[in-house]
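Peer 1: Sequence first, predicted coordinates after that:
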Amino acid sequence: MELHGSVGPAKTSVTDVAKRAGVSRMTVYNHFPTDVDLYMACSTRWATENPFPDPGKWPAVDDPSERLRTALLELYGWYRLNQEMLSRVFRDIAAVPALATVMGQLWSPYAEAMVAALSDGWPAGGAWDDPQAVLHLLVDFHTWNVLTSHGLDDDEAAELASRLATGAGSA
């Protein structure tokens, strides 16, 4: 897990994992017979230690625009806290098929839960004819990364994303 956060999954070998754990490569393979098993164990442990924001509480905010802003403030703050690991994992997905499998099993359902929690109550029309696409864009780690790499702090990024979404419905 520490190696994935420091150098990334694509640059972490089983030999590196074994050395870090003080065991043989065979011991690593005995515990994690496939790369998917190893990535799932690492990802599950990491997610337990760094719990995702809870989208289940977001629907309590009645106004869709305020609900989105509230959710993005929480989510973008979580991205900031976990930026090192997330940037390396998302960077390496295309290069590591087993990682893509694990992220499909762990991250994709979470992204869907976020979008589901935020999608109720948006007016039809404009970009909101496809609210799923707009919301997926706004909760995406890469969107946060682009906004904050251009000098916005997390609060400013969440505010801008919320305003963009509000304007999208009237486009």
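Peer 2: Perfect, I can see it now.

Peer 1: can you give me the helices in this structure?
Peer 2: Here the chain has its helices, by DSSP state H, at 2-6, 14-21, 25-31, 35-49, 64-81, 83-92, 97-118, 131-139, 141-149, 154-168.

Peer 1: helices or strands up against the fourth one?
Peer 2: Packed against helix 35-49, as judged by 3 or more Cβ pairs under 8 Å, 6 or more residues apart in numbering; DSSP states H and E, are the following elements: helix 2-6, helix 97-118. All C-beta spots, glycine's among them, are computed from the backbone N, C-alpha and C.

Peer 1: Repeat that for the last one.
Peer 2: For helix 154-168, the packing partners by 3+ Cβ pairs under 8 Å, 6+ apart come out as helix 64-81, helix 131-139, helix 141-149.

Peer 1: that older thread, mean pLDDT lowest where, among the helices and strands packed on helix 35-49?
Peer 2: Note on the helices and strands packed on helix 35-49: helix 2-6 shows the lowest mean pLDDT, a mean of 90.

Peer 1: how about it: buried residues?
Peer 2: 3, 4, 5 (16 or more other Cβ atoms under 10 Å).

Peer 1: so who does the spatially most central residue of the chain touch?
Peer 2: Centroid-nearest residue in the chain: residue 141, 5.4 Å away (criterion: Cα atoms, centre = their mean). By Cβ atoms under 8 Å, 6 or more residues apart in numbering, the contact list for residue 141 reads 79, 86, 87, 90.

Peer 1: at 6 Å what do you get?
Peer 2: 79, 86, 90 (Cβ atoms under 6 Å, 6 or more residues apart in numbering).

Peer 1: who touches stretch 39-54?
Peer 2: With Cβ under 6 Å, 6+ apart, stretch 39-54 has contacts from 1, 4, 74, 75, 78, 82, 98, 99, 102, 106, 110.

Peer 1: Stretch 115-125 now?
Peer 2: 55, 58, 59, 64, 68, 71, 128, 131, 132, 135, 136, 169.

Peer 1: Apply 8 Å and report the result again.
Peer 2: In contact with stretch 115-125 (Cβ under 8 Å, 6+ apart) are residues 55-56, 58-59, 62-64, 67-68, 71, 128, 131-132, 135-136, 139, 169-170.

Peer 1: likewise stretch 65-74?
Peer 2: Taking Cβ under 8 Å, 6+ apart as the rule, stretch 65-74 contacts 53, 55, 58-59, 61, 114, 117-118, 121, 135, 138-139, 154-155, 157-159, 161-162, 165-166.

Peer 1: Alpha carbons only: can I get that stretch in CSV?
Peer 2: The C-alpha trace of stretch 65-74 is given here as CSV (Å, rounded to 0.1, in the frame of the first residue of the first chain):
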residue,chain,number,x,y,z
SER,A,65,-27.5,23.2,-6.2
GLU,A,66,-26.7,23.4,-2.5
ARG,A,67,-26.5,19.6,-2.3
LEU,A,68,-24.0,19.6,-5.1
ARG,A,69,-21.9,22.3,-3.5
THR,A,70,-22.0,20.6,-0.1
ALA,A,71,-21.0,17.3,-1.7
LEU,A,72,-18.2,18.8,-3.8
LEU,A,73,-16.7,20.6,-0.8
GLU,A,74,-16.5,17.3,1.1
